[in-house]
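K.L.:
what's the 3D shape of this:
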Amino acid sequence: MINLDRSTDRLDRVTSEFARIGIAFERVPAIDASKGPLNIPAAPHLAKPEIACFLSHRKCWEIIADGADQHVAVFEDDVVFRCDASLFLSGDSWVPLDADIVKVETFFGHVRLARLFSLGNGHSLGRLVGEHLGTAGYVISKRAAQKLLVRTAHLKEPVDLALFSPNSMICARNTTYQVTPALCVQQQFLSGQNMAPSLIQMSPHCRKSVVTKIRGELSRLFAHCRNRTFWRTKKVDLRPGWTRSIIPAGQSS
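P.N.:
Below you'll find the predicted structure:
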């Protein structure tokens, strides 16, 4: 779980959130954009907060790449879980063998998936075909963490684009799945939730040049060819009923 040292209020909230679903976590101190230089080659359009956020996720990947676990879940400190998230976060037997990344977060939009199959307990898993940004919650394999550290030695885009936009060649080369209904969401998307201000600020994505757009379309075409997802895809609405699943039945919010 990524958290800035100075974001103690967010740490308190997310600690309670993990306790609510009965899952332990390891805190990974986030890279602070306000402290010192960020020592990694990066595209000039990336702002310091975007670079710091990317480096924070790379810090997690380094731990995973050197660790013993074959799959590890990475979360940011504004995450809110479904009440049944522990059914999946307590083990990795449900993770497909070919999965590099499984996105367990939702942005409450429509997402294009392919080859859906049931995970049980009302959840399904499908290949993520379309763009679905955000890095508040995902499961990553040790193999993928090792590959990503090599492929992101020079930062060219924000971390959520690199992982979850098929217009990125980094994403296009991964085998990525999406859980639906998703297991978590950023707190900002839930009405009635009091959220502490984020100190890991993200800048708006810049307007794409013609060359960037062409490269993006080529990456998307490569992803379709690699994953064989030209046909039989389905646009899935990840919003219905999600907020009613935060609190267990029989309890009031």
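K.L.:
The nearest residue to residue 151 once chain neighbours are set aside: what secondary structure?
P.N.:
Spatial nearest neighbour of residue 151, chain neighbours left out: residue 170 (5.4 Å); criterion: CB to CB, 6 or more residues apart in numbering. To be clear about C-beta, it is placed using only N, CA and C from the backbone, and glycine gets the same treatment. Recorded secondary structure, residue 170: helix (DSSP: H, G, I helix; E, B strand; the rest coil).
K.L.:
Isn't residue 88 up against residue 179?
P.N.:
Yes - using CB atoms under 8 Å, residue 88 is in contact with residue 179, at 7.2 Å.
K.L.:
what helix or strand does residue 140 sit in?
P.N.:
Residue 140 belongs to strand 137-141 when assigned by DSSP states H and E.
K.L.:
Partner strands of that strand and their direction?
P.N.:
According to DSSP bridges, the neighbouring strands of strand 137-141, each with its direction, are strand 71-75 (antiparallel), strand 101-103 (antiparallel).
K.L.:
Single out the most deeply packed of the ones you listed.
P.N.:
strand 101-103 (a mean of 25; mean count of other CB atoms under 10 Å).
K.L.:
picking up where we left off before, for the helix or strand that the strand holding residue 140 is followed by, name the packing helices and strands.
P.N.:
As assigned by DSSP H and E, the chain's next helix or strand after strand 137-141 is helix 142-151. If contacts are counted by 3 or more CB pairs under 8 Å, 6 or more residues apart in numbering; DSSP states H and E, helix 142-151 sits against helix 48-66, strand 71-75.
K.L.:
for helix 142-151, which positions count as buried?
P.N.:
142, 144-145, 147-148 (16 or more other CB atoms under 10 Å).
K.L.:
Looking at the helices and strands packed on helix 142-151, spot the one closest to residue 165.
P.N.:
Of all the helices and strands packed on helix 142-151, it is helix 48-66 that lies closest to residue 165, at 13.8 Å by CB to CB.
K.L.:
hmm, who's touching that closest one?
P.N.:
Outside helix 48-66, the residues within contact range by CB atoms under 8 Å, 6 or more residues apart in numbering are 2, 28, 30-33, 38, 40, 42, 46, 72, 74, 135, 140, 142, 145-146, 148-149, 152, 155, 158-159, 162, 200-203.
K.L.:
list the contacts for residue 147?
P.N.:
In this structure, residue 147 makes contact with 100, 173, judged by CB under 8 Å, 6+ apart.
K.L.:
Parallel or antiparallel, list what pairs with the strand ranked longest in the chain.
P.N.:
In the chain, taking DSSP state E as the definition, the longest strand is strand 110-120. Sheet pairing of strand 110-120 (DSSP bridges) gives strand 123-128 (antiparallel), strand 233-237 (antiparallel).
K.L.:
Do me a favour and average the pLDDT over the last one.
P.N.:
So that's strand 233-237. Averaged across strand 233-237, pLDDT comes to 67.
K.L.:
Kindly report the same for the first one.
P.N.:
Strand 123-128 carries an average pLDDT of 94.
K.L.:
Which pLDDT value belongs to the most centrally placed residue in the chain?
P.N.:
Nearest to the mean C-alpha position of the chain, counting by CA atoms, centre = their mean, stands residue 135 at 3.0 Å. pLDDT for residue 135: 96.
K.L.:
how much space is there between it and residue 120?
P.N.:
Here residue 135 is placed at a distance of 26 Å from residue 120 (CB to CB, to the nearest Å).
K.L.:
on that earlier part again, buried residues of the longest strand of the chain, list them for me.
P.N.:
Under 16+ other CB under 10 Å, the buried positions of strand 110-120 are 111-114, 116.
K.L.:
And stretch 21-35, by the same measure?
P.N.:
21, 23, 25, 28, 30-33.
K.L.:
Inside strands: which ones of those?
P.N.:
Among the buried residues of stretch 21-35, the members found in strands (DSSP E) are residue 28.
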